[in-house]
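Visitor: sequence and predicted model, in that order:
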Amino acid sequence: MKYIIALDQGTTNSRALLIDENGNLIGIQQKEFKQIFPKPGWVEHNPLEILDSQIEVFESLLSIHNISPENIISIGITNQRETVILWDKDTGNPLYNAIVWQDKRTANICEKIKQDNLEDYIKKTTGLIVDSYFSATKIKWIIDNVKEVKSKIKNNKVLAGTIDSWLIYNLTSFKNHVTDFTNASRTMIFNIKSLEWDKKILSYLDIPLSILPKVLPSSADFGSFNYRNCKIPIYGVAGDQQSALFGQACFEDGMVKNTYGTGCFLLMNTGKTRNVSHNGLLTTIACSTTNSINYALEGSVFIAGAAIQWLRDSLKVIKDASESEKIANSISELEDIYVVPAFAGLGAPYWDMYSRGAIFGLTRDTGKDHIVKATLESLAYQTKDIINVMQKDSNLKLKSLKVDGGACNNNYLMQFQANILNSEVVRPEIIETTAMGVGYLAGIYSSLWDKNKIISNQKINKIFKSKVDSKKREKLYHGWNKAVKRTLNWIEK
C-alpha cells in the first residue's frame, strides 16, 4: 500500500495525517506548541518549535503505523495563513519569532496606508482590506525593528515567507524557497490578477522582492524532503481555508463550504471571475492544479464556537459544548429570543467595531436553556448573513452548504442552519477536510487520482434539509435582523 502524508500546521498545534492510496484517512498525530504573548495584542510562535513539532508528528505517524518512507508517494502541506517568518538564507535560523495572524502590533502601519490613500489600490490588486491580519505589515515591522535585518538584506542573506515556505525551505535542506498561490494571496502584497508580487505595494512598504518566495500552483513540485536517505516529494501546498474548500470538492462556481470553529470561515468558489466585494468580503485565490486559477469570496464570522465557550467558561451554564445540542432539542421553539454574540464587534456585512453582544426577548419564563439554544442559533444566523452577501457579490446562487469543523457535529445546529438557509447542509464522514484537501492536491500531482476520483470519494455522513416554510423562515430571520440593528454603535465613537 502507498500513502500520502498531509502536514497540517495550525495556530495551536502541528499535525500529520496518513491517507492511503484509496483516499482513506488512516491515522492522525498531533502536538501542541507554545503561544507567545510578549505584549498586549502581540502574538508570536517560535519557528524552530513549529518545525520540530511538525517533524516529530511526521515521524510518530510513520512509527505507529509501521510505514516505511519508501511507501510515501508524496507530502502535502497546509498551514495557518498570514503568519510570517524572516530567516537567514545560509543558516536557516529565524531572525525573529513568527508573527501570528492574530497579532495587532502593525495597526498603526495600516492606518498610515489608509491615510496615504492606498486602500482602494490594495483592495483592487490583492482582493484584501488593509488590516494587520495580513502578512505585509508584519514583514515590514520585522525589517524595521529587528537589529541586523536590513544589513543582512543588503548582503542578500534574508528570506521571508508564510509558514508553508518556512517548512519547505527546511525540509528541502535550504534548496527551495517557494509558496503557492493561495498563501501568496493572503499576504496583501500579491497581485491576484497578474499573479505576481506587486511592485507598487512592495516599494511603498520598502519590502525587497528578493526576499520573497517563488509562487506556484497549489498542486506542483515544491521540492523533496530527504528523510533517512529517501527523497519524498512535496506535491501539494495550500492555506488552510482554501485547502478545506478543495477537500470538500467545491470545484464548481457557487459551491460553498463553512468551517465551524472558534469563528466561522466561509468560502465560495467563484470560478474564473474575480469579484470585488461591495459588502466587506475578501477576494482570494482558490486551490489550483495548473497556472489557470479559480477565485473565491471569503467571509468570516468573528464569534461562533467562541460563543459556546462563553456559555461554558463565563456564564457556566453548560459544562461541555456537546451539551448544547441536547439542551436545544429539549425545549420548544424559541419565541423572539435572540443572542447576538458581538463580543468583538461585528464583521461582514455590518462591519461595526462599536457593536456589543446582547440578548433580546427575555421574559419571566426565560431560563438558561433558552439562552443556550439562542446562542447556538446565532451561529446559523451569522452564516446566513455572510451567504446572503456572497450571493449578491457573485451573482451566484447557493447550491448547498458543505460543512466541517467541530461544531458541524451538532445535529441541532446543522438542522437549524438548513432551515434558515432553505438549502441543503451537507456533512461529510471525514470532517478533517483541511488536511484531506492538501492530501488530494499532492495525490493529483502524483498521478494517484484526479478531481473525478476526489468527487467520488466524498462520503456523506448526513444531508440536512429545511423543515420550515418560507413564512416561518422569514419571521425568524426578521427577528435576527431587528436584534442585530439594536446592537450597532452601542459604544459611542
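Guide: Cool, the structure landed.
Visitor: what residues are up against the closest residue to Asp336 other than its chain neighbours?
Guide: The shortest distance from Asp336 to any residue that is not its chain neighbour, by Cβ to Cβ, 6 or more residues apart in numbering, is 4.0 Å, and that residue is Gly361. Glycine gets a C-beta too; all of them are placed from N, C-alpha and C. Taking Cβ atoms under 8 Å, 6 or more residues apart in numbering as the criterion, Gly361 is in contact with Leu334, Glu335, Asp336, Ile337, Tyr338, Gly479, Ala483.
Visitor: also Ile113?
Guide: In this structure, Ile113 makes contact with Glu119, Ile122, Val130, Thr137, Tyr204, judged by Cβ under 8 Å, 6+ apart.
Visitor: check the secondary structure at the last one for me.
Guide: Using DSSP: H, G, I helix; E, B strand; the rest coil, the three-state assignment for Tyr204 comes out as helix.
Visitor: next, count neighbours for it.
Guide: The local packing count at Tyr204 equals 18, with neighbours defined by other Cβ atoms under 10 Å.
Visitor: can you give me the distance of the residue nearest to it when sequence neighbours are not counted to Ile163?
Guide: For Tyr204, the nearest residue in space outside its immediate sequence neighbours is Leu118; the separation is 6.4 Å by Cβ to Cβ, 6+ apart. With the distance defined as Cβ to Cβ, to the nearest Å, Leu118 ends up 26 Å from Ile163.
Visitor: one more: Lys114?
Guide: Lys114 sits 27 Å away from Ile163 when distances are taken as Cβ to Cβ.
Visitor: following the lowest-mean-pLDDT helix or strand in the chain, which helix or strand shows up next?
Guide: Of all the helices and strands that make up the chain, the one with the lowest confidence by mean pLDDT, DSSP states H and E is helix 451-456; it has a mean of 84. Past helix 451-456, heading to the C-terminal end, the next element that is a helix or strand (DSSP states H and E) is strand 460-464.
Visitor: in its sheet, what does that following strand sit against?
Guide: Sheet pairing here is set by DSSP bridges, and for strand 460-464 it gives strand 425-428 (antiparallel).
Visitor: how far off centre is the strand it pairs with?
Guide: Average the C-alpha atoms of strand 425-428, do the same for its chain, and the two points are 18 Å apart (Cα atoms, centre = their mean, to the nearest Å).
Visitor: quick one, helices of the stretch 201-350 of the chain?
Guide: 240-247, 305-313, 323-330 (DSSP state H, counting those that start in this stretch).
Visitor: any idea which of those helices is most buried?
Guide: For those, average neighbour numbers computed from mean count of other Cβ atoms under 10 Å are highest in helix 240-247, which has a mean of 30.
Visitor: may I have that helix exported as PDB, CA atoms only?
Guide: Presented in PDB, the C-alpha positions along helix 240-247 are these (Å, rounded to 0.1, in the frame of the first residue of the first chain):
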ATOM      1  CA  ASP A 240      -5.900  26.000   5.500                       C
ATOM      2  CA  GLN A 241      -9.300  27.500   4.400                       C
ATOM      3  CA  GLN A 242      -8.600  27.100   0.700                       C
ATOM      4  CA  SER A 243      -7.400  23.500   1.400                       C
ATOM      5  CA  ALA A 244     -10.700  22.800   3.200                       C
ATOM      6  CA  LEU A 245     -12.600  24.200   0.100                       C
ATOM      7  CA  PHE A 246     -10.700  21.800  -2.100                       C
ATOM      8  CA  GLY A 247     -11.100  18.900   0.400                       C
END
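Visitor: centre of the chain to that helix, how far?
Guide: On the basis of Cα atoms, centre = their mean, helix 240-247 is displaced by 8 Å from the centre of the chain it belongs to.
Visitor: so what secondary structure elements neighbour that helix?
Guide: With contacts taken as 3 or more Cβ pairs under 8 Å, 6 or more residues apart in numbering; DSSP states H and E, helix 240-247 sits against strand 72-79, strand 256-260, strand 264-271, strand 295-301, helix 433-445.
Visitor: let me have the ones you listed in JSON lines, extended by mean neighbour count and mean pLDDT.
Guide: As requested, these are exported to JSON lines (neighbours: other Cβ atoms under 10 Å; pLDDT from 0 to 100):
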{"stretch": "strand 72-79", "mean neighbour count": "28", "mean pLDDT": "95"}
{"stretch": "strand 256-260", "mean neighbour count": "28", "mean pLDDT": "92"}
{"stretch": "strand 264-271", "mean neighbour count": "24", "mean pLDDT": "91"}
{"stretch": "strand 295-301", "mean neighbour count": "26", "mean pLDDT": "90"}
{"stretch": "helix 433-445", "mean neighbour count": "30", "mean pLDDT": "92"}
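Visitor: Ile168: which of those is closest?
Guide: strand 72-79 (6.9 Å; Cβ to Cβ).
Visitor: quick one: strands adjacent to the closest one?
Guide: Neighbouring strands of strand 72-79 in its sheet, by DSSP bridges, are strand 3-9 (parallel), strand 230-239 (parallel).
Visitor: thanks a lot, catch you later.
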